[in-house]
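Trainee: attaching a predicted model along with its sequence, questions to come.
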Amino acid sequence: MQLTQRSKSVDRSPMTFLESLYLWNIMKGMAITLRHLFKKKATIQYPEEKRPFSPIFRGLHVLNRDAEGRENCTACGLCAVACPAEAITMEAAERLPGEENLYREEKYAAKYEINMLRCIFCGLCEEACPKDAIYLSQTFAPANYGRKGFIYGKNELLIPHPINEREAYLKALGDRTPSARIQNQPNA
Amino acid sequence: MDFAAITLWFLLEKVILIAAIIGLSFFVAMYTTLAERKVAGWMQDRMGPNRAGPFGILQPLADGGKLFFKEEIIPVTSNRILFLLGPALAMIVALVTSTVIPWGAPVVTTTGTIALQVTDVDMGILIVFSVVSVGVYGIMIGGWASNNKFSLLAAIRGASQMVSYELPMSLALIAILFMTGSLKMSEIVLYQINHGWNIVYQPLGFLLFFICALAECNRTPFDLPEAENELNFGYHQEYSSMKLGFYLFAEYINMFVSSAVMATLFLGGYDIPFVNEAAWGLSPWVYSLLSFGVLMAKVSFLLFVFIWIRWTIPRFRYDQLMNLGWKKMIPLALFNMLLSAAILLWLKS
């Protein structure tokens, strides 16, 4: 009985003497492997050569700053609420007078940690954020010897200063955030 | 042999030759491991090892160095003496077989003739077979002395496999001996230089011999003694460090030597096909080196076929192996033997 178009009937008749020597089938197999010997190799020589990521690749998180170098994050906690893996922890603090050049609004994140071993890189934090303060970049977490090393704090996450460290900032920004898109506009 | 003919010069010549052949065996075995990994990579659309030195040519040294520095574990429940004897025996047997192979045309100088062959005994090919059949002891002793049921099972499998495939191997060989009329390796080569290669007259014999050589070397598809997935690495499971290395290395030396034996018996040894290179008037050393190079080219090709087969077909099941050996190979070998005997008789009458 044929159930699908692709089904093939299997020949269950006993092998003849020549078939039971397996020689012809082995030779057919060897022809296949010989063809593969000369095929283009699929290998990417990793440290020297890198695989291009898709434009929607979700990698390590970056905490964003605005154009004057002030942190966007107001420690509202929406990202931590949205996180399905519960990888984000933060502690809020109040901006003191004289810190206006550091933090954009009156409240900021004094401590902001993401456990990269828990994170599933789903990007929901990015979607939840009302301040464009967190987004997923196009790099991935490098290997580490201990679990502690995978808990990223503000030191690792915060983007370099856009005025003082311009080049590092643009490199970390990539080309995917809303602010990056504005910067990359031809007439901007 | 005339013992009065043994001079200091003769001894020196043989010692140098033995050292050279052992060195060559180790060198070729080392690079066969690299070739194996490279070819495996290419056949699976990968690169193979390419980090140690350019194109990975230092990889065998790195592997060997690693094996030397690994911790050596001898199980307390093992039989210590036999446990140590196993890999040594496997290695010695693998190396001894190469003594009777003529590695190149003899160097004929004005002061005398230097044969590129350690010993050219009258029953050369029988020496190969008798030594190869001792080779099974390396596996059996190693597997049994480990005191481990997987190793023991693997050793039993290995022993029965090697015994069953020696039979069609020698039967395939007999057809060759009908034609050449000599057991002497050098005369078999000379016969082929004068009459054409044996593979032309004995294609079935060559095929049978090759398949049996695969089984004797425990190569895929006959690598049941070291079946990783069912016997957990087989007879050398309890071995570590360079003892394991000796077993693995002996396997590659066996491959090399059996390729050399096949090249000598069927592919004309050091003969260059279609030309009469002896008439070119080359100086004796150049001629011998050239013939040695030709033999090595044939050996490399056979080694490639060994590797090619390994990365193409999966392992046989044990009953398939035994069925193939006893019900297919032996009848075919007997048929081949009778057929060649009948044709030779018919040609002579």
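Mentor: Arrived safely. Residues are numbered from 1 along each chain as shown, chains lettered A, B, ... in the order given.
Trainee: rest of the way, CA atoms for contacts and neighbours
Mentor: Noted.
Trainee: how about A:A109, phi and psi?
Mentor: phi -90, psi 110 (degrees, to the nearest 10).
Trainee: need the contact list for it.
Mentor: Taking CA atoms under 8 Å, 6 or more residues apart in numbering or on different chains as the criterion, A:A109 is in contact with A:C73, A:T74, A:A75, A:M90, A:E91, A:A92, A:A93.
Trainee: rerun that using 6 Å as the cut-off
Mentor: Contacts for A:A109 (CA atoms under 6 Å, 6 or more residues apart in numbering or on different chains) come out as A:A75, A:E91, A:A92.
Trainee: how far off centre is the strand or helix carrying B:G138?
Mentor: Following DSSP states H and E, one finds B:G138 within helix B:124-145. The chain centroid and the centroid of helix B:124-145 are separated by 12 Å, computed with CA atoms, centre = their mean, to the nearest Å.
Trainee: same thing with stretch B:202-211?
Mentor: The answer for stretch B:202-211 is 15 Å, by CA atoms, centre = their mean.
Trainee: same check, this time on stretch A:19-38
Mentor: Worked out by CA atoms, centre = their mean, stretch A:19-38 lies 42 Å from the chain centre.
Trainee: what comes up buried for it?
Mentor: A:M30, A:T33, A:L34, A:H36, A:L37 (16 or more other CA atoms under 10 Å in any protein chain shown).
Trainee: what's the mean pLDDT across it?
Mentor: Taken as a whole, stretch A:19-38 carries a mean pLDDT of 87.
Trainee: confirm B:K38 sits in a helix?
Mentor: Yes. Using DSSP: H, G, I helix; E, B strand; the rest coil, the secondary structure at B:K38 is a helix.
Trainee: all helices of the stretch 1-150 of chain B, in order?
Mentor: B:8-43, B:59-69, B:80-96, B:124-145, B:149-180 (DSSP state H, counting those that start in this stretch).
Trainee: can you put these in TSV and add mean pLDDT, mean neighbour count and distance to A:I134?
Mentor: Formatted as TSV, those follow (pLDDT from 0 to 100; neighbours: other CA atoms under 10 Å in any protein chain shown; distance: least, CA to CA, whole Å):
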stretch	mean pLDDT	mean neighbour count	distance to A:I134
helix B:8-43	89	17	43
helix B:59-69	89	15	46
helix B:80-96	88	20	62
helix B:124-145	85	21	61
helix B:149-180	87	21	56
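Trainee: show me what contacts the residue positioned nearest the centre of chain A?
Mentor: Centroid-nearest residue in chain A, with CA atoms, centre = their mean: A:G59, separated by 1.9 Å. A:G59 makes contact with A:L136, A:S137, A:Q138, A:T139, A:F140, according to CA under 6 Å, 6+ apart.
Trainee: same check, this time on A:P162
Mentor: So A:P162 contacts A:G69, A:Y169 (CA under 6 Å, 6+ apart).
Trainee: go again using 7 Å as the cut-off
Mentor: A:A67, A:E68, A:G69, A:Y169 (CA atoms under 7 Å, 6 or more residues apart in numbering or on different chains).
Trainee: using a markdown table, lay out those together with secondary structure, neighbour count and pLDDT.
Mentor: Shown next, in a markdown table, are the contacts of A:P162 (DSSP: H, G, I helix; E, B strand; the rest coil; neighbours: other CA atoms under 10 Å in any protein chain shown; pLDDT from 0 to 100):
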| residue | secondary structure | neighbour count | pLDDT |
| --- | --- | --- | --- |
| A:A67 | coil | 12 | 83 |
| A:E68 | coil | 13 | 85 |
| A:G69 | coil | 20 | 85 |
| A:Y169 | helix | 19 | 83 |
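Trainee: which one among those residues gets closest to chain B?
Mentor: A:Y169 (34.6 Å; CA to the nearest CA).
Trainee: from B:W42, how far out is the closest one?
Mentor: 42 Å (CA to CA, to the nearest Å).
Trainee: residue nearest the centroid of chain B?
Mentor: Nearest to chain B centroid, counting by CA atoms, centre = their mean: B:S258, 2.1 Å.
Trainee: for that residue, which non-adjacent residue is closest in space?
Mentor: In space, and not counting its chain neighbours, B:S258 is closest to B:A213: 6.7 Å by CA to CA, 6 or more residues apart in numbering or on different chains.
Trainee: okay, and the helix or strand of chain A with the least pLDDT?
Mentor: helix A:178-184 (a mean of 59; mean pLDDT, DSSP states H and E).
Trainee: would you map the strands across chain A?
Mentor: A:61-63, A:88-94, A:107-115, A:134-136, A:151-152 (DSSP state E).
Trainee: who does the shortest one pair up with?
Mentor: Looking at strand A:151-152 with DSSP bridges, its partner strands are strand A:107-115 (antiparallel).
Trainee: and the partner strand with strand A:88-94, angle?
Mentor: 160 degrees (axes from the mean of the first three to the mean of the last three CA atoms, to 10 degrees).
Trainee: okay, buried residues for strand A:107-115 please.
Mentor: A:K107, A:Y108, A:A109, A:Y112, A:E113, A:I114, A:N115.
Trainee: what do you get for stretch B:285-294?
Mentor: B:Y287, B:S288, B:L289, B:L290, B:S291, B:F292, B:G293, B:V294.
Trainee: near chain A, which residues of chain B are found?
Mentor: Residues of chain B lying near chain A by CA under 7 Å from any CA of the partner chain: B:W42, B:M43, B:Q44, B:D45, B:R46, B:M47, B:I309, B:T312, B:I313.
Trainee: coming back round to it: within reach of chain B, which of the contacts of A:P162 are there?
Mentor: Answer for the contacts of A:P162 near chain B: none qualify (CA under 7 Å from any CA).
Trainee: what is the most widely separated pair among the residues you listed?
Mentor: Farthest pair in the contacts of A:P162 (CA to CA) is A:E68 and A:Y169. Separation: 12.0 Å.
Trainee: any idea how far B:C212 is from the residue of chain A positioned farthest from its centre?
Mentor: Largest separation from the mean C-alpha position in chain A: A:F17, at 57.0 Å (CA atoms, centre = their mean). Computed with CA to CA, the distance linking A:F17 and B:C212 is 19 Å.
Trainee: B:A342 too?
Mentor: Distance from B:A342 to B:C212, by CA to CA: 24 Å.
Trainee: go on, B:E13?
Mentor: On the measure of CA to CA, B:E13 and B:C212 end up 34 Å apart.
Trainee: can you check B:S240 too?
Mentor: B:S240 is 29 Å from B:C212, by CA to CA.
Trainee: who has more neighbours out of these two?
Mentor: B:C212 (25 against 17; other CA atoms under 10 Å in any protein chain shown).
Trainee: my guess is the more buried one meets B:M169, correct?
Mentor: Yes. The pair B:C212 / B:M169 is scored as a contact, 5.7 Å apart, by CA atoms under 7 Å.
Trainee: sitting in helices, which of the buried residues of stretch A:19-38 do you find?
Mentor: Here DSSP state H is the test, and these give A:M30, A:T33, A:L34, A:H36, A:L37 as lying in helices.
Trainee: now, which of the residues you listed lie close to chain B?
Mentor: Counting by CA under 7 Å from any CA, the members of those near chain B are A:M30, A:T33, A:L34, A:H36, A:L37.
Trainee: residue contacts, whatever residue of the stretch 201-349 of chain B ends up closest to chain A?
Mentor: Nearest residue of the stretch 201-349 of chain B to chain A (CA to the nearest CA) works out as B:T312 at 5.8 Å. Residues near B:T312 by CA under 7 Å, 6+ apart: A:G29, A:M30, A:T33.
Trainee: state the distance from the last one to A:L21.
Mentor: The span separating A:T33 from A:L21 equals 20 Å under the rule CA to CA.
Trainee: all helices for the stretch 201-349 of chain B, in order.
Mentor: Under DSSP H, counting those that start in this stretch, the stretch 201-349 of chain B gives helices at B:203-216, B:228-231, B:241-266, B:284-310, B:318-323, B:330-348.
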